[in-house]
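Q: sequence below, structure please.
(chains A and B)
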Amino acid sequence: MKVKETAIPGNHNLMPDDRTGKSALSRVDGRLKVTGKAKYSAEYNVKDLVYGVMVGSSVTKGTIKSIDTKKAENAPGVLSVLTYLNAPKIPGYQADNPSPKGPLKIFYNNQVYFNGQPIALVVADTFERALFASTLVTATYDTEAHQTNLLTNLDKGVSTRREDKDFVKGQANAWQSAPVKVDAEYIIPTEVHNPMELHAIIARWDAGDKVSVYTKTQGVKSSQRSIAQAFKLPPDNVQVTAPFVGGAFGSALRTWPHEIAAVLASKVVGKPVKLVLSRADMFTSVGYRPFTWQKVSLGAGADGKLTGITHEATGQSSVYEDFTEGVVNISQLMYACPNINTRYRLVSLNVNTPTPMRGPGEATGAFALESAMDELSYALNIDPIELRMRNYAETDPSNNKPYSSKFLAEAYKIGAEKIGWTERSQKPGTILQNGWHIGYGMAAGMFGAHRSSSTVTAKMQADGTLVLQTAVTDIGPGTGTAMASVATGVMDIPADKIKIVLGDSSLPPSPTQGGSQIAATVGSAVHDACTELKEKFKSMAGNTDPADYIKILKQQGLDHLEVTTTSKSGPEQGKYSMYSWSVHFMRVLVHPATGVVKIDKAISVADAGQILSPKTARSQMIGGTIMGIGMALMEEAVIDHRYGRLVNNNFADYHVPVQADIPQVEAYFVNKADNILNPIGAKGMGEIATIGVAAAVANAVYNATGKRVRELPITPDKLL
Amino acid sequence: MKPFQYTKAVTQQSAIEAIAKPGVKIIAGGTNLVDLMKRGVTAPDKLVDINNLPLKSISLDKAGQLHIGALALNSTVSESPLVLEQQPLLAMALKAGASPQLRNMATVGGNMMQRTRCAYFYDTTMPCNKRQPGSGCGALEGYNRMHAIFGTSNKCIAVHPSDMCVALAALGAEVTVSSRKGSRVIPFTDFHRLPGDHPEKDNTLADGELITGVVISNNKFAKNSYYLKIRDRQSYAFALVSVAAALEINNGTIKEARLAMGGVAHKPWRLYDAEKALAGKPANEESFNQAAQIAMQGAKGYQFNSFKLKLAPAAITEALKHAAGIA
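A: As a prediction, this is how the structure comes out:
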C-alpha cells in the first residue's frame, strides 16, 4: 500500500535539502526503530546474563546502622547482595584521599545523603528473582534532620565557582531609577528528564582487566573514560557500545553510580550483569532540572528602551556535589542594555545531584526573563515583539563582540505571521470565543552555538558504499541522518549508498552528544573528511570522471579508499559571539471558570543556521516545543519535605504531555548559513527548541486572562 | 511481589467457593491490583482469575433497566450502542477515565474495586491508615492536592479515583453481588463508604462476596447529561474534580436532577441537596449557580487542595450548563 504524504505545516515541507537540491532525507535509522530492529542497551542477548536490582534508602539523611541481607541472599536464584559492607573497593574512588565533594560514591560508606540513594544491589539469575529479593533487604538508620526545600533555605545560597561570580555591566540595579519597572519573582519546580527508554546497562568482564558495556549514554568516549578511571584500567580496555539511545535530554551525559555498580557486580559474580532502572529510580538516579528561584527586575524608559536588567537566581544541588548552570546568563546576552547585573547562588540540599536537562540554565532563565519582558510590554503598552525589537542586540551586550550570525528578527517575523499575531489584543482577557478566553504569547530563546573537535573516518568501498565512522551517539535528533545528508552533498551520492557507524567507543573520537554541538561539530568533520576523500579521488582520477568512485578504485586496484580527518574550530572562536536563536508563539484557550488551559496552536521558529536535515530538524524542534509545553503546564516532581521523599515518582502522577494536550505544532527555520562558525553553516538547535517555550505559554495565558503565573507549572488551580 | 497461588475459576460457584477463604483475592483486568501487588501494598496468598465467568453481557430488560455484567470491559461499555442510547452519561464518564489501553483491560466490577491513588497509600515507607491501620495519615498534613474536601476523617482524606462510579452514583444504579449466602442488591451510593475510623475499608462488600453486575433503572436523562472532568492534562490523569450531571427537562423547567462528584471524597459524592434545589427550577445558569453553592455546604479544604472549594462549584455549574445544552 502506498501512503500518500500529506502536507505538514512548516517550511521543511517545501524545503528540499537546499545544499543538495534533492528532497529531504528521511531518518536513516527510522525503519530500524519502528520495526524494533534497533537494539537499545537493555536488549542485547549476552550469554550467562544475570540481573541486578537496586535498593534505595528510605530515609533522607543519616547513617546506615545495619543492613540485613540474609533473607535476600537466601532467596531463590540470588547470587550476591552488594552493600557498602561487602562491596570490593572501587579503585578510582581513592579512599585515602577523598575530595570533599564529587560524584556519589556507591557502596562506599554508611552515609545517606538523599532519599532513594542506593544502599544495596541484588544480583540474581532472573530479573523477577532479583526484584523479589530486593524487597527482602532491610536497613536501619540513625537519621538526622534533613533539608530538601529550596524556598525555605534561600538564605543559604553560596557562590560556588568562579564562573558564577556576580556579573555587572555599567551600573548595578539601574532598573530601580527607571520610569517604568518590572520586579518579580519566578519559580520553576524540579523537572525530571524521563526519556521513554529507561537507563540500562549490561556489563561484562572479558578478562581481569577488560570490560565491555552496553549502556545508555550520550557519550561513548566519556563513558569509556569514566569507567576506566573508576576501575583504574587503560581506556582502551573498556569497550562502550550504544548505537541507539531512546532519548536522554541530558540524563545520560555522565556515568552514574548505578553503572559503576553494575560493572562492579559483574566482577563480583563473574557473569555479565544487566541493570535496568525502574521508572521510580529514574527520579533519583540520573539527575533532573533543579528547582530554581529567580528574581528579574527590568527598568525602561517610556520609549521601551531598557535601562537596567537585574537577574538573580538560586538553584539547588546535592550536599556531596555542586551542580551549577547558567540560569542568569541569558540576561547578560539577550538585550541591548547599558546596565546589567546578575547573581547566581547555589543551595546544598539532601537531594541527588541535578544534571543538565534540555536547555540547561537557559530554559530556566528564559522563563523568568521572557516573562518579565512580557510584563514590561504591558506596563509600557508596547507590543511584545516591538519591545524586543527596540532592544534588539546587534552585538553581544556582554562583550561587544559581533555575532557570527543572528537572524532572530527574521524569526520574529515568520512566527508572528504564522500564529496570526495581528489577531492578538494588547489588552488581556478581551477575546472570548465559545466560552473560552483566547490569548497570544511569544518568547525568545538562545543558546551557545558550539563547535568542538570530531574525528571522522570516511571510507569508500569497492561497491560504491561510503562508510562514515565516528564515536558519537545519536540520542534521537537524527545525527546519523544529518551526517548522511552532509555526505551526499559533498560526495554527490545517494543516501542509500551511505552507511553510518556510530555509538562505539573504539571508533574515532567525537564529543558527547549534548549542548547542541553535534550537528555543527560532527557535521563539519563529515564535510571535511568527505572533501578530503573527494580530493583523493580527484588526484587519482586521470581521465575518469572523478565522481565515478567505483571505477577509480578498480583502476587503482584498491578495495577501498579512506581518510580519517579531525575537524575543529579555529581562531574565529575568540572573535565572535556565536549563538542559535529561537522564538516561540502560542495561542492558548483558557476556561474562565475552571482554569483549564489548552494550547490551541504552537509555532516555533529557529535561527539554527543552515538546516542539514529538514525532516529530523523539524521533529527535533517539535519535540522541544512539546517538552516546553510540559514544563509550562504540568511537569513537577513533588517532595514531601517532612520525609524528603518524592510523592509522584511515576508516570501516572508526574505528568508529561499526552497526545490530547498537543495541538498543531509548527516548526519553521530561517535557514540561513552561519559561514563563520563552520564550513557547513549549521548551528545547534536541540536546546533552543525548548528554551523560551514555557514563557511563551505563560505570556499567552496572561494575554488570555490577565493573570500572571510566575510559578510553574500553570495548572488549573493557579488560574481560579 | 510476594509469591502467590493463581487459579482460574470456571464457574461463578467455584469463584464464590474460592473467595470464601481468607487471603484470597479476585483478579479480573488487574489494572490496579497488579500495581498494588508490585508495590507491596497488598500481598494476597492466592488470586482467583474470574475472566472466564459469563458476566460480560450488556442488556436491556422489558422494564427498560440496563444490566451490565461485572466483567464487561470499560471499553466495551463505553462503546456499547445500548449504553450510548440509554445511559450516555456512563459512556462519557468511562471515556474520561484512564487510557484506551487500560480501558481495554479494566472491567466494571474491577473499576468499582480500584483503590485510592493517594501517594501515601502506595509508598510502603510512609504512614497510611488505609494500608496499615493505626500508622497515621501521611496526606492529612502532607501533599494533599488531589485529596478530599467532603466526608473526610482525621484518619483519612483519600479520594476514590473512579470516573465510572461517579456516573453510576448519579444514575442511582444498583450493584448485584453473590456469595455462599446467596445474592443481594446494594444501592450504588451505599457501595462505597466514607473513611471514618476504618479507612482500610473502601466499600460495604462483605467478605466472600462477588460483584456480578450493575443495574441502571430506566430514566429520562439521556438527552441532558454530561460528564465534566477537570484534570492537569487532557488524558490519562485523575480528576482534580469531576461532575456527573443528569437532567430531565420539560419545557425549560428541570423536573429531576442528578449530580455526583468525583475527586472530592472517599466515595462518589452525590449532591442530594443540590439536586432537590434544582427540581422545579428553570434550566438556566442562575439555577445552576445556586445549586453549586448548595452543593459546597460542608466542604473543607486542606493545605494544597483548597482550590477545590472554588473549582468544584465552577465545575458543577459548567457540567449542568453542558447537560442543559447552554454551555
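
Q: all contacts plus neighbour counts: C-alpha atoms, from now on.
A: Noted.

Q: phi, psi of the nearest residue to residue A:684 once chain neighbours are set aside?
A: Among residues not flanking residue A:684 along the chain, residue A:516 sits closest, at 4.5 Å (Cα to Cα, 6 or more residues apart in numbering or on different chains). Backbone torsions for residue A:516, taken as degrees, to the nearest 10, come to phi 50, psi 40.

Q: burial measure for residue A:532, as a count.
A: As a burial measure, residue A:532 scores 18 neighbours (other Cα atoms under 10 Å in any protein chain shown).

Q: what separates the helix or strand harbouring it from the chain centre, distance-wise?
A: Element membership for residue A:532 (DSSP states H and E) is helix A:518-541. Offset of helix A:518-541 from its chain centre (Cα atoms, centre = their mean, to the nearest Å): 29 Å.

Q: secondary structure class for the closest residue to chain B within the stretch 51-200 of chain A?
A: At 5.8 Å from chain B, residue A:132 is the closest residue in the stretch 51-200 of chain A, using Cα to the nearest Cα. For residue A:132, the reduced secondary structure class is helix; criterion used: DSSP: H, G, I helix; E, B strand; the rest coil.

Q: nearest residue to it other than its sequence neighbours?
A: Using Cα to Cα, 6+ apart, the nearest residue to residue A:132 is residue B:1, at 5.8 Å.

Q: contact partners for that neighbour?
A: For residue B:1, the contact set (Cα atoms under 8 Å, 6 or more residues apart in numbering or on different chains) comprises A:131, A:132, A:135, B:37, B:38, B:39, B:40, B:43.

Q: check for me that it belongs to a helix.
A: No. Using three-state DSSP, the secondary structure at residue B:1 is coil, not a helix.

Q: so is stretch B:116-127 next to chain A?
A: Yes. Using Cα under 8 Å from any Cα of the partner chain, stretch B:116-127 reaches chain A at B:119, B:120, B:125.

Q: could you report the neighbour count for the residue of the stretch 401-550 of chain A found nearest chain B?
A: Closest to chain B within the stretch 401-550 of chain A is residue A:435: 7.4 Å, counting by Cα to the nearest Cα. Residues within reach of residue A:435, counting by other Cα under 10 Å, total 13.

Q: with residue A:446 instead?
A: 28.

Q: in terms of helices and strands, where is the closest residue to it other than its chain neighbours?
A: Spatial nearest neighbour of residue A:446, excluding adjacent residues (Cα to Cα, 6+ apart): residue A:581 at 4.4 Å. For residue A:581, the enclosing helix or strand under DSSP H and E is strand A:579-590.

Q: so which elements touch that strand?
A: Strand A:579-590 sits against helix A:408-419, strand A:436-448, strand A:597-607, helix A:693-705, with contacts defined as 3 or more Cα pairs under 8 Å, 6 or more residues apart in numbering or on different chains; DSSP states H and E.

Q: so what touches whatever helix or strand residue B:166 lives in?
A: Per DSSP H and E, residue B:166 falls inside helix B:164-170. Applying Cα under 8 Å, 6+ apart, the contact partners of helix B:164-170 are B:89-90, B:93-94, B:97, B:111-112, B:188-189, B:216, B:227, B:243-246, B:258-262, B:268-270.

Q: narrow those residues to those in strands?
A: Within the contacts of helix B:164-170, residues falling in strands by DSSP state E are B:216, B:227, B:243-246, B:258-262, B:269-270.

Q: wait, which of the residues you listed is closest to residue A:70?
A: residue B:262 (45.8 Å; Cα to Cα).

Q: thought that closest one was touching residue B:160?
A: Yes. With contact defined as Cα atoms under 8 Å, residue B:262 reaches residue B:160; the gap is 7.3 Å.

Q: name the residues contacting each of these two.
A: With Cα under 8 Å, 6+ apart as the test, residue B:262 and residue B:160 both reach residue B:268.

Q: now do the strands in chain B.
A: B:5-8, B:24-27, B:46-49, B:58-60, B:66-69, B:174-179, B:182-187, B:210-216, B:225-230, B:241-250, B:253-262, B:269-270.

Q: of all the ones you listed, which one is nearest chain A?
A: Across the strands of chain B, closest to chain A is strand B:225-230 (Cα to the nearest Cα), at 7.3 Å.

Q: report the angle between the axes of that closest one and strand B:253-262?
A: Orientation check (axes from the mean of the first three to the mean of the last three Cα atoms, to 10 degrees): strand B:225-230 against strand B:253-262 gives 40 degrees.

Q: what parts of the stretch 351-500 of chain A come near chain B?
A: Residues of the stretch 351-500 of chain A lying near chain B (Cα under 8 Å from any Cα): residue A:435.

Q: if we check chain A, which of the contacts of helix B:164-170 are in contact?
A: Within the contacts of helix B:164-170, nothing lies near chain A by Cα under 8 Å from any Cα.
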